[in-house]
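Student: Got a predicted model here, sequence first, then my questions.
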Amino acid sequence: MKPIEFFLAFRFLKEGHSQTLLIFSGATAGVAVIVFLTSLIVGLQESLVEQITGLQPDVIVEPEDDGDTQPLYSAQSGEQVFRRTEPRPGRIDEIDQWRPVVETVGEDPEVVAVTPVAFGPGSVVRGQMLQPIEVRGVDPVTYTEIVDIEDRLLRGEMRFDDLGTVIGYELAEELDVDLGDRIRFVVADADSRTFTIRGIFDAGASAANQTWAYVSLREGQSMLDLGDGVTAVQATVIDLFDADDVAERLQVMTEHDVSSWQDVNQDLLRALRTQSASTILIAVFVSISVALGIASVLVVTVVQRRGQIGVLRAMGAPMGTIQRIFLIQGATVGLVGSIFGSLLGTGLALGFNDFVRDEQGEVIFPIEPSPTIFVLACLLATLTGLLAAVAPARRAAKLDPADAITHS
Amino acid sequence: MTNPIIELDEIRRNYGEVVVTHVLKGINLRIEHGEFTSLVGPSGSGKSTMLNIMGLLDRPTSGRVIINGCATGDLDDHAITRLRGRTLGFVFQFHHLLTGFSALENVMMPAAVDRGTFTSSMRERAERLLSDVELLEHEEKNVRHLSGGQQQRVAIARALTNEPDLVLADEPTGNLDTKTADRVMDLMRRINKETGTAFLIVTHEEARAERCERFIRLVDGQIVEDRAGADADS
Ligand SMILES: Nc1ncnc2c1ncn2[C@@H]1O[C@H](COP(=O)(O)OP(=O)(O)OP(=O)(O)O)[C@@H](O)[C@H]1O
Ligand SMILES: [Mg+2]
């Protein structure tokens, strides 16, 4: 490409006045819509995923479903055996040999943190009544590397010394207790213990706020009658979206049931994918209409400047030069439109962010302007402009100079 | 003796496949360096067709176009474009100046297209040409705002930018009033004398055509008259 080609292309655009303004606005509006929509969807999806994975471990190792049940009866050939697995009453499934499991999981290169936990059903005493809760015995140091409950603490801290507990704010409200107050937990075999409230959290999910009661791993194990056992091993991985691969790998290595957050949230992920697909579809249709707009305006320019194009050819401009003059125009409209459009779309997204809040005045899901979307939008729009210009450019280059000069 | 700038050898040009129109019926013509020639003929006789073929804007059905000793029949589009840009200049009835561009930019354009960019020496030359056509004071003006005669003078300056050997002018005065037309004609004659650039000018007015060095009449696709004009000795 030669400088003169850019010079002619830019000047043709500049001299197009209202026509040019029209296609620039079209491209800007198109890109703005795409950037706005994409930011919105990406923001929404990220905050959804974050909400979910913030409370869940990326990868979880659990006891095998029927790991310690034996068939009561060995099948003879041709016989059908109905097998029924009953949980042992009063006992919670625990992980065989959990220490080597923690070690194996921790050695995986993708795993950044691993923790054993002891979770089980329990109750809290409320006047004369018992209210069901989930006793969650955790090691505060490693557990907080996996679930960011600390960020969600409203008051107090994640500390369990001297029979401390950390509960959800909804539970605290129901029991009408606060930091420093004492509450009594009861587990199945009527073993009851009194804990002091050291922290109150808002997990962002009602079920968690109403039932989760964190205690130290030791206390959890002993209340749930696990001895030294744990009910699960949880881990965090480097890339959230690799969790399923890591789980698959660990399943083989640990010979335990390993699942990822994706396994647990399949429906949600499917919904998110459908949403992404429809966003792409909208982007495609918007791009097509912008491309048609650019193409039609460029065709008008070709017709208007027919004679001039003929003379350019007569004075020694090769076909390639004529073609590139129009390709550059298309790409420029796309590029400039995408820069303004990205800014406008980002502005809209931020404005939307500011405008749409929940009843507490909190931003519902924060949209962060993403340089990736910006760059992608610019590339997409420039390419669209370029493609839109192909037909007009060929038409201009193929003009018969003699005919263009005499008949226009 | 040097080669003629252009030599037409049995040029024929037909239009149409089913109903064939024979527009040029075997033209033989040589244009020498420095010649100032007029071409007249009734409407539809094939003047524009002949000029377009000479200017390599159109290809003949048969026959050869030889430019500065180079047969052009086998050249590809790129080579022809180059050759045309460097040896020939064009002036048309409609100036087809680039609207929205200044007079100076229009005059520099053939050189810029050839070199791929503008240079300061191009600007100097273009300014000299504009002053030759007495338009230097309008060099920065958008050509859209010039009068018809001024526009045609810009077009003449533009035709001279690449120092062509021959300027092909198809009814350059066709759109101008008599007085302006005379001025444009005189201008071309003066440039011809000063620079030695050859001109081949199509015109409708016999009187004006007579004032050239050489006078060619085309009738029905054939040259019927080719003689010295009144201005031959001046
Ligand atoms: N593209 C074309 N297709 C078919 N016929 C054509 C074409 N171009 C020119 N002709 C025919 O060729 C003949 C000569 O045309 P040309 O334009 O060369 O005439 P001219 O001498 O320049 O006439 P004028 O003085 O009116 O400009 C005309 O009969 C015209 O109809
Ligand atoms: Mg004609």
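Tutor: Nice, thanks for sending it over. Ligands and ions are numbered 1, 2, ... in the order given.

Student: Going by C-alpha atoms from here, please, whenever you check contacts or count neighbours.
Tutor: Fine.

Student: hang on, B:Arg217 packs against B:Ser43?
Tutor: No: applying C-alpha atoms under 8 Å as the test, B:Arg217 and B:Ser43 come out as separate, 11.8 Å apart.

Student: Looking at these two now, which is surrounded by more residues?
Tutor: The residue with more neighbours, out of B:Arg217 and B:Ser43, is B:Arg217; 21 against 12, by other C-alpha atoms under 10 Å in any protein chain shown.

Student: quick one: which helix or strand includes that one?
Tutor: Following DSSP states H and E, one finds B:Arg217 within strand B:214-219.

Student: Say whether ligand 1 is contacted by that strand.
Tutor: No: Strand B:214-219 stays clear of ligand 1 (C-alpha under 6 Å from any ligand atom), getting no nearer than 7.9 Å.

Student: Quick one: distance of that strand to the chain centre.
Tutor: Here the centre of strand B:214-219 is set off from its chain's centre by 16 Å, with C-alpha atoms, centre = their mean, to the nearest Å.

Student: C-terminal to that strand, which secondary structure element comes first?
Tutor: Taking DSSP H and E, what comes next after strand B:214-219 is strand B:222-228.

Student: Going by neighbour count, list what's buried in that next one.
Tutor: Buried positions in strand B:222-228, judged by neighbour count with 16 or more other C-alpha atoms under 10 Å in any protein chain shown: B:Gln222, B:Ile223, B:Ala228.

Student: just stretch B:128-140 next, same as before
Tutor: Under the neighbour-count criterion of 16+ other C-alpha under 10 Å, stretch B:128-140 has B:Arg128, B:Leu129, B:Leu130, B:Val133, B:Leu135, B:Leu136, B:His138, B:Glu139 buried.

Student: what would these look like in TSV with pLDDT?
Tutor: Compiled in TSV, the buried residues of stretch B:128-140 are given as follows (pLDDT from 0 to 100):
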residue	pLDDT
B:Arg128	91
B:Leu129	91
B:Leu130	93
B:Val133	86
B:Leu135	90
B:Leu136	91
B:His138	93
B:Glu139	92
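
Student: of all the residues you listed, which comes closest to ligand 1?
Tutor: Within the buried residues of stretch B:128-140, the smallest distance to ligand 1 is 25.7 Å, found for B:Val133 (C-alpha to the nearest ligand atom).

Student: Which residue is the nearest non-sequential neighbour of the closest one?
Tutor: Nearest in space to B:Val133, with sequence neighbours left out and distances taken as C-alpha to C-alpha, 6 or more residues apart in numbering or on different chains, is B:Arg153 at 6.0 Å.

Student: For the one you found, grab the count of nearby residues.
Tutor: For B:Arg153, the count of nearby residues is 26 (other C-alpha under 10 Å).

Student: So which elements touch the helix or strand hosting it?
Tutor: In the assignment (DSSP H and E), B:Arg153 maps to helix B:148-160. Judged by 3 or more C-alpha pairs under 8 Å, 6 or more residues apart in numbering or on different chains; DSSP states H and E, helix B:148-160 is in contact with strand B:88-91, helix B:103-115, helix B:120-132, helix B:178-195.

Student: if we can go back for a sec, check the buried residues of strand B:222-228 against B:Leu166 and report the nearest one.
Tutor: The closest of the buried residues of strand B:222-228 to B:Leu166 turns out to be B:Ala228 (C-alpha to C-alpha; 18.4 Å).

Student: Kindly provide the distance from the closest residue to that closest one other than its chain neighbours to A:Ala349.
Tutor: Sequence neighbours aside, B:Arg214 is the residue nearest to B:Ala228 in space, at 4.4 Å (criterion: C-alpha to C-alpha, 6+ apart). As judged by C-alpha to C-alpha, to the nearest Å, B:Arg214 and A:Ala349 stand 75 Å apart.
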